[in-house]
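A.B. asks: Here's a sequence, model it:
(one chain, ligands or ions: 1)
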Amino acid sequence: MNSQSKAFKALPSVDRALQSEVLRPLIDDIGHEAVKEVIRLKLEEARTLIIKGDEALLEAIASDSYLNDFYCEVANDVRASFSSSLVPVINLTGTVVHTNLGRAQLPEEAIAAMTTVAAQATNLEFDLEAGKRGDRDLHIDASICQITGAEAATVVNNNAAAVLLVLNTLAFRKDVVISRGELVEIGGAFRIPDVMKSAGCTLVEIGTTNRTHLKDYEAAINSNTGMLMKVHTSNYEIRGFTNSVSEEQISQLAQEAGVTFVSDLGSGTLVDLNKFGLPHEPTVTETLEKGADIVTFSGDKLLGGPQAGIIVGKRELIAAIKKNPLKRALRVDKITMAALSSVVNLYRDPQRLTQRVPLLSDLAKSVQEIKELADRLLPIFKEKLKNRAEVSIEDCKSQIGSGALPLDLLASKAIVMKPIAEKGHTDAELQKLAMDFRKLPKPAIGRIHDGSLIFDLRCLRDESELLDQINLLNN
Ligand SMILES: *Cc1c(COP(=O)(O)O)cnc(C)c1O
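C.D. replies: Predicted coordinates for the structure are as follows:
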């Protein structure tokens, strides 16, 4: 018998493979069909290679351990195809609200609330008093209104949806007047002019990039004006010879003209960030007090909650917004509702906010605290990377991210890793180092700057977890 026919004979049948000690527990765990399918594919692959006369495989099949190796390969493939590609990572980028890393991490209270409603039927849209259909927004309306002073509130999938819904409801086929300096692009294709178009509104840009005056708004208003809009320039700042018109002035003008004044705050904080030693950001309450009829903001930026878009303001306007058929397409589910309601309630106890809302705890962390953490980690990084990089602690600046306070960076400390490599190979070595950290079971994500890999420690919450990961790194 030649080696090829021997090899064919040595391959297990599908049934025999399914009976193997290695695969039986996996069948209990994942299911018969999925394992069977992978066995079939693997056998087909092996047969093709045998026909080709693949030396390596023919040799492997001849060895005693071949069957066991084959079953282990099947098991690995099955597990890989069932593992989620969405995994937790360690955010060491220095950007606290990082959109690509999933923004805010939720408070424990919110996670508990989500778990409770996820597993059970709820009164999401059922009025227990009246015994008939209810309104899902009522689970959140009272607490948001209590904290912001708004008359009414409604919640949608994210703030982009909130802006779209507000425009489409209140200014469909009408002019929306906005300052040229506020035609924001948020990233990920959210651009104010495009959103206006999608909402069926006509954008009327006024003023210049750096200066817009009250008279520009006045001149733009005509019988087709539906809305005056202000968008928080959340990811950039125009400095120097500038002028913008205050909310109070725009509000008064809107009232006189009988049109709506909407302010898109973006990050929309509910507390004065001054409390945490940060520069002031306009709060939702202030913006309403200054006369905005409607304010929109995100649930997962400075609020520190789940992805959501929150719309607050005048009762009759919110009622109109809730009647828009688009609202049905943009509404949130019971899990988001539970999380958001729980996070908003935490704001009613301002003293404990930084202990309970992870995002605010990251923002409020002192440089001293971060430095002590860096001092503890430095020797471990040094030892592990002694053949690969020079490691030091350096001052750095974290940023809030997602368009809050773009220019005001938070002082922080970083572990800085500068690869040691032969001339001309440092960049390759740097990329490899960053990649090795990304390939850890719990990937650690930093940023690359000036020939070094930088781990800003502001958002590191579990020190021992990072230590475990470093131990797994290649030397
Ligand atoms: C972030 C932001 C948005 C979009 O909010 P998402 O929650 O990301 O949909 C809209 N407007 C402004 C001013 C923003 O900063």
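A.B. asks: how many neighbours does L326 have?
C.D. replies: Using other CB atoms under 10 Å as the criterion, L326 is surrounded by 15 other residues. Every residue, glycine included, has its C-beta placed from N, CA and C.
A.B. asks: now do G451
C.D. replies: Count around G451 with other CB under 10 Å applied: 11.
A.B. asks: Could I get the contacting residues of L167?
C.D. replies: 176, 195-196, 199-201, 227, 229, 262 (CB atoms under 8 Å, 6 or more residues apart in numbering).
A.B. asks: Can the helix or strand containing it be said to contact the ligand?
C.D. replies: Using DSSP states H and E, L167 maps to helix 159-170. Yes: using CB under 6 Å from any ligand atom, helix 159-170 comes into contact with the ligand via 159-160, 163.
A.B. asks: between those, which is nearest H280?
C.D. replies: N159 (20.5 Å; CB to CB).
A.B. asks: count of residues packed around that closest one?
C.D. replies: By other CB under 10 Å, neighbour count at N159 equals 26.
A.B. asks: what's the answer for V391, then?
C.D. replies: If we define neighbours as other CB under 10 Å, then V391 has 22 of them.
A.B. asks: Could I get the full set of helices for the stretch 51-200 of the chain?
C.D. replies: Along the stretch 51-200 of the chain, counting by DSSP state H, counting those that start in this stretch, helices occupy 55-62, 66-82, 108-118, 138-148, 159-170, 192-199.
A.B. asks: thinking again about what came up before, filter the contacts of L167 to the buried ones?
C.D. replies: With burial judged by 16 or more other CB atoms under 10 Å, the buried subset of the contacts of L167 is 176, 195-196, 199, 201, 227, 229, 262.
A.B. asks: Tell me who's in contact with S398.
C.D. replies: 94-96, 409-410, 412, 456, 458-459.
A.B. asks: Quick check: residues of the stretch 101-250 of the chain near the ligand?
C.D. replies: 158-160, 163, 184, 186, 190, 231-232, 234.
A.B. asks: Now pLDDT too, for the residues of helix 159-170 next to the ligand, in TSV please.
C.D. replies: Formatted as TSV, these follow (pLDDT from 0 to 100):
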residue	pLDDT
N159	95
A160	94
V163	97
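A.B. asks: Reformat the residues you listed as CSV; add distance to L138.
C.D. replies: Shown next, in CSV, are these (distance: CB to CB, whole Å):
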residue, distance to L138
N159, 21
A160, 24
V163, 23
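A.B. asks: Just the closest of these to L360, please.
C.D. replies: N159 (18.9 Å).
A.B. asks: Let me know whether that closest one touches D264 as I believe.
C.D. replies: Yes: here N159 reaches D264: they are 7.4 Å apart, a contact under CB atoms under 8 Å.
A.B. asks: check contacts around E289.
C.D. replies: Counting by CB under 8 Å, 6+ apart, the residues that E289 touches are G149.
A.B. asks: at 10 Å what do you get?
C.D. replies: Shown in contact with E289 (CB atoms under 10 Å, 6 or more residues apart in numbering): 148-149, 247-248, 251, 283.
A.B. asks: just P282 next, same as before
C.D. replies: Neighbours of P282 in contact, by CB under 10 Å, 6+ apart: 232, 247, 263, 265-269, 272, 290, 292, 295.
A.B. asks: give me the number of residues near the closest residue in space to K384 that isn't next to it in sequence?
C.D. replies: Nearest non-adjacent residue to K384, counting by CB to CB, 6 or more residues apart in numbering: I470, 5.3 Å away. The number of residues packed near I470 is 17, by other CB under 10 Å.
A.B. asks: Run the chain-centre distance for whichever strand or helix holds I470.
C.D. replies: Using DSSP H and E, I470 sits within helix 463-472. Relative to its parent chain, helix 463-472 has a centroid offset of 24 Å by CA atoms, centre = their mean, to the nearest Å.
A.B. asks: what helices or strands is that helix leaning on?
C.D. replies: strand 90-91, helix 367-384, helix 426-438, strand 444-445 (3 or more CB pairs under 10 Å, 6 or more residues apart in numbering; DSSP states H and E).
A.B. asks: What residues does R461 make contact with?
C.D. replies: 90-91, 105, 358, 361-362, 365.
A.B. asks: Counting neighbours, what do you get for C396?
C.D. replies: 22.
A.B. asks: beta partners of it?
C.D. replies: S412 (DSSP bridges).
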